[in-house]
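**Student:** After the sequence you'll find the predicted model.
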Amino acid sequence: MNALSCKLCSFWSSSIGKKTVVALTGIVLLLFLPGHLIGNLLFFLGPDSINAYGIFLHELGHGAVIWIARFTLLACLIAHVVATIQLVRQNKAARETQYACKATVTATRSSRLMIWSGLTILFFIIFHILHYTVRIAYDFDGPAFQTMLDGHQTLNIHQMMLVGFSNGPVTIFYIIAITCLCSHLSHGVSSVFQTLGLRTEKSASAITAFGNLYAFAIWAGFLSMPIAILFFGVGK
Ligand code: HEM
């Protein structure tokens, strides 16, 4: 084993190393969400806007960019989850010391909430990728979901969203999962600053406010589409 891999191994096996991995991969995932949301909000501008955006994403860099983004997101998600699970195990082992004072009990409660919201999000992401990327639920690759745009046949993402969110149970699941996502994000933003040593007594309340604002914007934005479609028939 060379010196670099030795250093990487001892970084990964330390608690601070894993926390840093959780924070850095968390930042990548936090940056992805506003981008994904802005793209999805094109739904409200009509079929041509969101379908053209789909073509743009799939053709960017001759189709390479979307795959690089997918692999980066997947790698970050796996590292984020694995490092978190290992941290939880380490914390469990040190539980006796954790219950020694009230402050750590509060911290444990909040981390428990992070674990459960995190697991719901993980389940949601698997479901969501099967739903919209792999498209196993409906015949999204069939003729009913193809449309013409600038003389080219393309996937009708607008129609996919209409059909997907006209299903009550699926939409309710999206609403629950996105609400868990928000609880996770509001805590997550503060944790990132804390782990990277950027949260001071002075900046703590501004960071908490920023985390809440960010989480609320993501929550309202992502919920606007399923709610508009299922409850108000928007786009139909
Ligand atoms: C109303 C909410 C949402 C809608 C309508 C939506 C829509 C979509 C669509 C249409 C795709 C397929 C893109 C493609 O391959 O062409 C997709 C992929 C994806 N979405 Fe969402 N999404 C929503 C919420 C979310 C949330 C909350 C997350 C994260 C927690 C998320 C994470 C992903 C990921 C990781 C992919 C795979 C990337 C890819 O296929 O390129 N989405 N989404």
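**Tutor:** Cool, got the structure.

**Student:** where does this structure come near the ligand, residue by residue?
**Tutor:** 36, 40, 54, 66, 70, 73, 121, 125, 128-129, 132-133, 157, 161, 178, 181, 222, 225-226 (CB under 6 Å from any ligand atom). Glycine gets a C-beta too; all of them are placed from N, C-alpha and C.

**Student:** Of those residues, which belong to helices?
**Tutor:** 36, 40, 54, 66, 70, 73, 121, 125, 128, 157, 161, 178, 181, 222, 225-226 (DSSP state H).

**Student:** Which members of the residues you listed are classed as buried?
**Tutor:** 40, 54, 73, 121, 125, 128, 157, 161, 178, 181, 222, 225-226 (16 or more other CB atoms under 10 Å).

**Student:** Please spell out which residues along stretch 12-26 are buried.
**Tutor:** Taking 16+ other CB under 10 Å as the criterion, stretch 12-26 shows G17, K18, K19, T20, V21, V22, A23, L24, T25, G26 as buried.

**Student:** tell me which element A52 is part of?
**Tutor:** Assigning secondary structure by DSSP states H and E places A52 in helix 47-59.

**Student:** Can I get that helix as PDB, trimmed to CA atoms?
**Tutor:** The C-alpha trace of helix 47-59 is given here as PDB (Å, rounded to 0.1, in the frame of the first residue of the first chain):
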ATOM      1  CA  PRO A  47     -45.000  21.000 -23.100                       C
ATOM      2  CA  ASP A  48     -42.500  22.600 -25.600                       C
ATOM      3  CA  SER A  49     -40.400  24.200 -22.800                       C
ATOM      4  CA  ILE A  50     -39.900  21.200 -20.700                       C
ATOM      5  CA  ASN A  51     -39.500  18.800 -23.600                       C
ATOM      6  CA  ALA A  52     -36.900  21.100 -25.200                       C
ATOM      7  CA  TYR A  53     -35.100  21.200 -21.900                       C
ATOM      8  CA  GLY A  54     -35.100  17.300 -21.800                       C
ATOM      9  CA  ILE A  55     -33.500  17.300 -25.300                       C
ATOM     10  CA  PHE A  56     -31.000  19.900 -24.300                       C
ATOM     11  CA  LEU A  57     -29.900  17.800 -21.200                       C
ATOM     12  CA  HIS A  58     -29.700  14.600 -23.200                       C
ATOM     13  CA  GLU A  59     -27.700  16.100 -26.000                       C
END
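
**Student:** For the host helix or strand of A75, buried residues please.
**Tutor:** Using DSSP H and E, the secondary-structure element containing A75 is helix 64-93. By neighbour count on 16+ other CB under 10 Å, the buried set for helix 64-93 is L73, C76, L77, A79, H80, V81, A83, T84, Q86, L87, N91.

**Student:** Identify the residue with the minimum pLDDT among those residues.
**Tutor:** Least confident entry in these, by pLDDT: N91, with 81.

**Student:** Verify the stated contact: that residue with S111.
**Tutor:** Yes - counting by CB atoms under 8 Å, S111 is a contact partner of N91 at 7.3 Å.

**Student:** What sits closest to A228 if chain neighbours are left out?
**Tutor:** V234 (3.9 Å; CB to CB, 6 or more residues apart in numbering).

**Student:** Tell me, how many residues neighbour the one you found?
**Tutor:** 15 (other CB atoms under 10 Å).

**Student:** Tell me if it really is in a strand.
**Tutor:** No - counting by DSSP: H, G, I helix; E, B strand; the rest coil, V234 falls outside a strand, being coil.

**Student:** Which phi and psi values does it adopt?
**Tutor:** phi -60, psi 140 (degrees, to the nearest 10).

**Student:** And L155, by the same measure?
**Tutor:** phi -70, psi 130.

**Student:** beta partners for it?
**Tutor:** Q146 (DSSP bridges).
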